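Peer 1: Structure, please.
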Amino acid sequence: MTKKDLIKRLKWYQPLERSHAFITFPLIGIYLLFTNSFLDILFILYGLVLCICILFQGQLYWKLKLDRLTGKAFDQNKNLMFFRKSKKNNLYMIGLVPLVFIIQLYFSNWEVKTENLMLWAIIANVFGILEHINYYNRQLMIDNTSDLNYVIRNRKLKIASLAKDLLENKI
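Peer 2: Numbering: from 1, shown residues only. Now for the predicted structure:
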């Protein structure tokens, strides 16, 4: 992908990620809080918070990549440290997913009830885990021909851009 194409892509993609982090997922959480008991939706709320945290990191990363491509200055060391700490925090949050699931079951008297939106809760938590993998390990999202050609040619997923940048110690 050319630099011009990448800039064009990031100009629409970064705001989309930002809108999901700041609008879509928070509004879903607020709606759920107004329409359900907190104890019934603990697990889905946890999944939404996990998604929001990781999407926030993603939108910031894409903003910084766009800034780098367009020549805008930013504090690279501060941001690299932020992403390294965020990666650790994500892993702690992901590690707590089974515990929050058990707590949800406990509050539901060990029953899977439709009121606690268990299927949606599992989907939200799995989505958060996949977003972490997509940013910090392997690029799971194949949304252009360049990515598809790479997977076909190499028979494996690309290393995520953020993962590469953290290894190379530069954004």
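Peer 1: Now the helix or strand of the chain with the lowest mean pLDDT: buried residues?
Peer 2: Of all helical and strand segments in the chain, the minimum by mean pLDDT, DSSP states H and E falls on helix 145-154, at a mean of 82. Residues residue 150 are the ones in helix 145-154 that count as buried (16 or more other CB atoms under 10 Å). Glycine gets a C-beta too; all of them are placed from N, C-alpha and C.
Peer 1: Check stretch 103-122 too.
Peer 2: Neighbour-count burial for stretch 103-122 [16+ other CB under 10 Å]: 104-105, 107-108, 116-118, 120-122.
Peer 1: again with stretch 24-40
Peer 2: Going by neighbour count (16+ other CB under 10 Å), the buried part of stretch 24-40 is 25, 28-29, 32, 36, 40.
Peer 1: which residues are in contact with stretch 68-78?
Peer 2: Residues outside stretch 68-78 that contact it (CB atoms under 8 Å, 6 or more residues apart in numbering) are 3, 6-7, 10, 64, 67, 170-171.
Peer 1: follow-up on the earlier one: redo the buried residues of stretch 24-40 as CSV? Include pLDDT, secondary structure and distance to residue 136.
Peer 2: Output for those, formatted as CSV (pLDDT from 0 to 100; DSSP: H, G, I helix; E, B strand; the rest coil; distance: CB to CB, whole Å):
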residue, pLDDT, secondary structure, distance to residue 136
25, 98, helix, 19
28, 98, helix, 24
29, 98, helix, 23
32, 97, helix, 27
36, 94, coil, 32
40, 92, helix, 32
